[in-house]
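Undergrad: Below are the sequence and a predicted model; questions follow.
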Amino acid sequence: MSVVAHEIEGVSVINHPLIQHKLTIMRKKDTPSVVFRALIKEISLLLGYEVTRHLPTELIDIETPVTSTKAPKLSGRKLCIFSILRAGEGLAQGLHDLIPSARVGHIGLYRDHDSLEAVEYYFKAPNHLDERFCLVVDPMLATGNSAIAALNQIKKRDAKEIVFLCLLAAPEGLRALRKAHPDVPIFTAAVDEKLNEIGYIVPGLGDAGDRIFGTK
């Protein structure tokens, strides 16, 4: 089995061996940015496979080189991948490669280093969110403040079917997000031990945005 239910209701851990192996390399502090970026893209493809397992399909008539038949295709409006900037781009780009027909929304948030609260500076999304499956991505679910703020904004645009996907999560962030948005399932590759005194996941992998883009 590659997906297991966590002790917190509504949380699923995607524990595929390939994901865990790649995540271990990403955690190492001496892994360079170019390798880190490649790995998060590879992991996003594996995560996306599981998270989209239950997308609705419909049968359509097609012609194969041999005969006429009915075959499944995705139904409804194109899904929307929401990237929480800037670290969310690491996961979103791989997911968009997996589902090139998907629409992409962006939510600009940064964490105030004193209050740890999320501050919004940008929002752009496709129309008709109420008819789309919305996949919200951010590599790290630490305090949960950014994820909660992002989901608040998406729901204000009438989105109804939403899933949150992250690479790593802290128990504190999971509990906060589930309390604020109990209707939104959470998928993650790992649940780490805790948050430290400055709100970083332990053992974690550091600042995902800095490691993706080679900044400090």
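TA: Ah, there it is.

Undergrad: make it CA atoms for all contacts and neighbour counts henceforth
TA: OK.

Undergrad: And the worst-scoring helix or strand of the chain on mean pLDDT, what's buried?
TA: Every helix and strand in the chain was compared by mean pLDDT, DSSP states H and E; the lowest is strand 3-5, with a mean of 79. For strand 3-5, burial by neighbour count (16 or more other C-alpha atoms under 10 Å) applies to Val3.

Undergrad: What is it packed up against?
TA: The contact analysis (3 or more C-alpha pairs under 8 Å, 6 or more residues apart in numbering; DSSP states H and E) places strand 3-5 against strand 11-14.

Undergrad: Which helix or strand lies directly C-terminal to the strand it packs on?
TA: As assigned by DSSP states H and E, the chain's next helix or strand after strand 11-14 is helix 17-27.

Undergrad: could you give the mean pLDDT of that next one?
TA: For helix 17-27, the mean per-residue pLDDT is 96.

Undergrad: that older thread, tell me which strands the least confident helix or strand of the chain pairs with, and in which orientation.
TA: strand 11-14 (antiparallel) (DSSP bridges).

Undergrad: Please write out the alpha-carbon positions of the strand it pairs with in CSV.
TA: In CSV, the C-alpha atoms belonging to strand 11-14 read as follows (Å, rounded to 0.1, in the frame of the first residue of the first chain):
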residue,chain,number,x,y,z
VAL,A,11,-4.7,13.3,6.6
SER,A,12,-3.2,10.7,4.3
VAL,A,13,0.5,9.9,4.1
ILE,A,14,1.9,8.8,0.7
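
Undergrad: ok, residues contacting that strand?
TA: Applying C-alpha atoms under 8 Å, 6 or more residues apart in numbering, the external contacts of strand 11-14 come out as 2-6, 47, 50, 174, 185-191.

Undergrad: Would you map the helices across this protein?
TA: Applying DSSP state H to the chain gives helices spanning 17-27, 33-51, 88-98, 145-156, 171-180, 208-213.
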